[in-house]
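>>> got a structure for you, letters missing:
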């Protein structure tokens, strides 16, 4: 996969939209010194290329029951990508990253009851061939959360061979 080719105007546009996605194309055009058509075209291209998306991000305060868990996974080096793919298929799992450090995979889950987390994520992950150890940490209080970094990969992207 090749890196996207973004110019300075694309970066400025993304910066503006990341701060306020509801700002009008007319205002963006005036701020950047380009035409409204240029802004509209750039936004359309960035969306088509999967580089930006517009969505409402809900906060944890909307649910009295939603809890966040981080599951660190130690897997055999040769099976990390396969294990990560299997974890990514689990409904409770909202994010999977291959990492360096104590764990080579980190899974993020949003759950309502501890029993659901154990039955639908922790235990199934531990049962995957190649997994040696699973350690779950549950967030008990969120001091800072920046929703601007919520979407860092394509919505339905699953790790591909060679990534």
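Looks like it came in fine. Please read these numbers as outputs of a predicted model, since none were measured by experiment.

>>> what are the phi and psi angles of residue 49?
The main-chain torsion angles of residue 49 are listed as degrees, to the nearest 10 and equal phi -80, psi 0.

>>> again with the one 3 residues further on
Recorded main-chain torsions at residue 52 are phi -140, psi 160, according to degrees, to the nearest 10.

>>> Next: residue 136.
phi -110, psi 130.

>>> Quick check, pLDDT for it.
For residue 136, the pLDDT comes out at 94.

>>> What's the first helix or strand after the one helix or strand in the chain whose mean pLDDT sits lowest?
Within the chain, no helix or strand scores below helix 114-117, which has a mean of 89 by mean pLDDT, DSSP states H and E. Secondary structure here is assigned by DSSP states H and E; on that basis, the next helix or strand after helix 114-117 toward the C-terminus is helix 123-126.

>>> List the buried residues in that following helix.
If you call a residue buried by 16 or more other C-beta atoms under 10 Å, then helix 123-126 has these buried ones: 124, 125. In this view, the C-beta of every residue, glycine as well, is placed from N, C-alpha and C.

>>> what do you get for stretch 29-47?
Buried residues in stretch 29-47, counted by 16+ other C-beta under 10 Å: 29, 32, 34, 38, 39, 42, 43, 46.

>>> quick one: contacts for the first one?
For residue 29, the contact set (C-beta atoms under 8 Å, 6 or more residues apart in numbering) comprises 35, 36, 38, 39.

>>> so of the buried residues of stretch 29-47, which ones are in helices?
Mapping the buried residues of stretch 29-47 onto helices (DSSP state H) picks out 29, 32, 38, 39, 42, 43, 46.

>>> okay, now the domains of the protein?
Per automatic domain parsing, the structural domains of the chain span 8-48, 60-149.

>>> Pull the distance from the shortest one to the chain's centre.
Per C-alpha atoms, centre = their mean, to the nearest Å, the displacement of domain 8-48 from the mean C-alpha position of its chain is 23 Å.

>>> now swap in the last one and tell me
Taking the mean of its C-alpha atoms, domain 60-149 sits 13 Å from the chain's own mean (C-alpha atoms, centre = their mean).

>>> where along this structure do the helices fall?
Using DSSP H, helices in the chain cover 8-19, 25-32, 36-48, 80-88, 114-117, 123-126.

>>> I'm done for today, thanks for sticking with me.
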